[in-house]
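**Student:** Mind looking at a prediction? Sequence and model below.
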Amino acid sequence: MAHTPRSAAAETTFEGKPLFPERRASTLPCELSEPERDLYEAVTQYMREQMNRAEQLKAVGEGRRGPCTDSGVSVVPAPRGAVGLLEPEPRDVRFYGVVRVNPERYGRDFTRVAQEVLQHLAAVDGTRLEVTVEITATNDVGFPPDKACVVTEKARTLKLDLLGFEDR
């Protein structure tokens, strides 16, 4: 018994209800960009070639070849070069995060951020990683001159971008 393809609208459930809702289609005019137009032309040409090839095979008795869907529509691969035009825009291209660390446990907190977050980001090829540490320290009576001198000297040695003490 030969298989006769049916339209999706003719498909029904076991209860006899339509399997798919009725669809109404309309053609809307649109302007294609040059890459979209090139892709459209390439796919159209490819489909014409494949349909002609299918007709030729049918004429010589080879029948349908290749993957086929349940509705009888042949599935053909996209033409070479078309995939790049169809790829969606990349997602998740930038990560940002701000964390307040415990001033009495900063070593532990910095280590956890490095192990739990930075390590995973840095492991991805092409990642440009930027980590900024901002330090704010206040003391109502002021920092002793010897501490201010040591902190300033060490901050300069470590090449902090911005540093300094402020007066009230």
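**Tutor:** Cool, the structure landed.

**Student:** what packs against the lengthiest helix in the chain?
**Tutor:** If you go by DSSP state H, the chain has its longest helix at helix 34-59. In terms of contacts (3 or more Cβ pairs under 8 Å, 6 or more residues apart in numbering; DSSP states H and E), helix 34-59 is packed against helix 82-86. All C-beta atoms are positioned from the backbone trio N, CA, C, and that covers glycine.

**Student:** least trustworthy helix or strand in the protein by mean pLDDT?
**Tutor:** helix 82-86 (a mean of 53; mean pLDDT, DSSP states H and E).

**Student:** Below-threshold pLDDT in the chain: ranges please.
**Tutor:** The chain contains residues with pLDDT under 70 at 1-10, 61-87.

**Student:** So it: which segments form each domain?
**Tutor:** Split into domains by automatic domain parsing, the chain comes to 33-80, 98-123.

**Student:** Take those and write them to CSV, including distance to L163 and mean neighbour count.
**Tutor:** Shown next, in CSV, are the domains of the chain (distance: least, Cβ to Cβ, whole Å; neighbours: other Cβ atoms under 10 Å):
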stretch, distance to L163, mean neighbour count
domain 33-80, 50, 11
domain 98-123, 17, 11
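
**Student:** Please report how far C30 lies from Y40.
**Tutor:** 11 Å (Cβ to Cβ, to the nearest Å).

**Student:** actually K17, sorry about that
**Tutor:** 37 Å.

**Student:** Quick check: L163 touching T152?
**Tutor:** Yes. Between L163 and T152 there is a contact under Cβ atoms under 8 Å: 6.7 Å.

**Student:** need the domains of the chain in a markdown table with distance to D92, can you?
**Tutor:** Formatted as a markdown table, the domains of the chain follow (distance: least, Cβ to Cβ, whole Å):
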| stretch | distance to D92 |
| --- | --- |
| domain 33-80 | 24 |
| domain 98-123 | 11 |
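
**Student:** Kind regards, and thank you for your time.
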